[in-house]
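Novice: Need a 3D model of the following:
(2 chains)
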2 protein chains.
Amino acid sequence: MNNKQLESLVHKEIPITQALDIRIEEITDQSIRVEAPFEANKNIHNTAFAGSIYTVATIAGWSLVTSLAMAQGLEGSVVLAKADIKYIKPINGDIVAKCSIKDTDSIDTFASSFRRKKRARLSLAVEVVEDGVIKALLNANFALVGN
Amino acid sequence: MNNKQLESLVHKEIPITQALDIRIEEITDQSIRVEAPFEANKNIHNTAFAGSIYTVATIAGWSLVTSLAMAQGLEGSVVLAKADIKYIKPINGDIVAKCSIKDTDSIDTFASSFRRKKRARLSLAVEVVEDGVIKALLNANFALVGN
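Specialist: Okay, here's the model as predicted:
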């Protein structure tokens, strides 16, 4: 599934993501970049809205886990169990969320755990960046639940 | 400022809240109830979207702090510094977020701290409820920053 197919899936599964104009810009086996334009997500102070920043970051995580599950042939729904976010500095332009899984062991554990129990968890760190600076940091805990 | 005036302020300050159809249903000196209809915020599994749940809950906190600051004559902008959320059970209808400050001392400390330093912080717990059951729980840390 390429980035545009994944984006269509996100827009279909979660219609409100269309209003935020969320775009999947890049997807690989272990990484993703998701963006949303400033215009749709700014507040009156001309900074990106905290709720939009959180949503773009969690969609990055959700999409990466969904893509990863498909690639491994794991059939289930990805749900967000819990998350925490720190807003480090204001964002004055587009929202750009990046996530990459450096530790491939965690993917193997996730996949084997799901095959055994039809349920598995994966924690991801998502960075929201602007001009090379991390502006917000999300830690999110996803569950893949067998259908 | 009554609930409808506060709702207009939220919609003006943060335009994307109109797409989520966020409504301030009730506001008192120390409590708030904010809602968003299921239809605009559901996903394909017919449950409320995690990003919308977070956004409605943080808007409840943001609006309560904004209203409280106005009532105390504290002039500044309310910004969200950090937050964590736990999704306890799926929500199958409208998103209803409730927050009330039981400890009035924390309001006094917040106000006096802002008067002294033109900056103050307030932590709030927001419950997202359905049929009397807490479905999600947000802890959010807001800062009031002098203009």
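Novice: Could I get the contacting residues of the closest residue to A:I24 other than its chain neighbours?
Specialist: Leaving aside its sequence neighbours, A:I24 sits nearest to A:E7 (CB to CB, 6 or more residues apart in numbering or on different chains; 4.1 Å). Quick note: C-beta positions are derived from backbone N, CA and C, even for glycine. By CB atoms under 8 Å, 6 or more residues apart in numbering or on different chains, the contact set of A:E7 is A:I22, A:R23, A:I24.
Novice: Assess the claim that the first one and A:A36 are in contact.
Specialist: Yes. In this structure A:I22 lies within contact range of A:A36 using CB atoms under 8 Å: 5.0 Å.
Novice: When those two are compared, which one has more neighbours?
Specialist: Using other CB atoms under 10 Å in any protein chain shown as the criterion, A:I22 and A:A36 rank with A:I22 on top: 27 against 24.
Novice: Is the most centrally placed residue in chain A in a helix, a strand, or coil?
Specialist: Nearest residue to the geometric centre of chain A (CA atoms, centre = their mean): A:A60, 1.6 Å. Under the three-state scheme (DSSP: H, G, I helix; E, B strand; the rest coil), A:A60 adopts helix.
Novice: Could you list the residues of chain A in contact with chain B?
Specialist: A:12-17, A:19-20, A:40-45, A:49-52, A:54-55, A:58-59, A:77, A:79-87 (CB under 8 Å from any CB of the partner chain).
Novice: Show me which of those are buried.
Specialist: Among the residues of chain A next to chain B, those that count as buried by neighbour count (16 or more other CB atoms under 10 Å in any protein chain shown) are A:13-17, A:20, A:40-43, A:49-52, A:54-55, A:58-59, A:77, A:79-83, A:85, A:87.
Novice: And the strands in chain A?
Specialist: A:23-27, A:31-36, A:76-87, A:95-100, A:119-130, A:133-146 (DSSP state E).
Novice: how about those strands in a markdown table, adding mean pLDDT and distance to B:Q72?
Specialist: Shown next, in a markdown table, are the strands of chain A (pLDDT from 0 to 100; distance: least, CB to CB, whole Å):
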| stretch | mean pLDDT | distance to B:Q72 |
| --- | --- | --- |
| strand A:23-27 | 98 | 42 |
| strand A:31-36 | 98 | 35 |
| strand A:76-87 | 97 | 24 |
| strand A:95-100 | 98 | 33 |
| strand A:119-130 | 97 | 32 |
| strand A:133-146 | 98 | 29 |
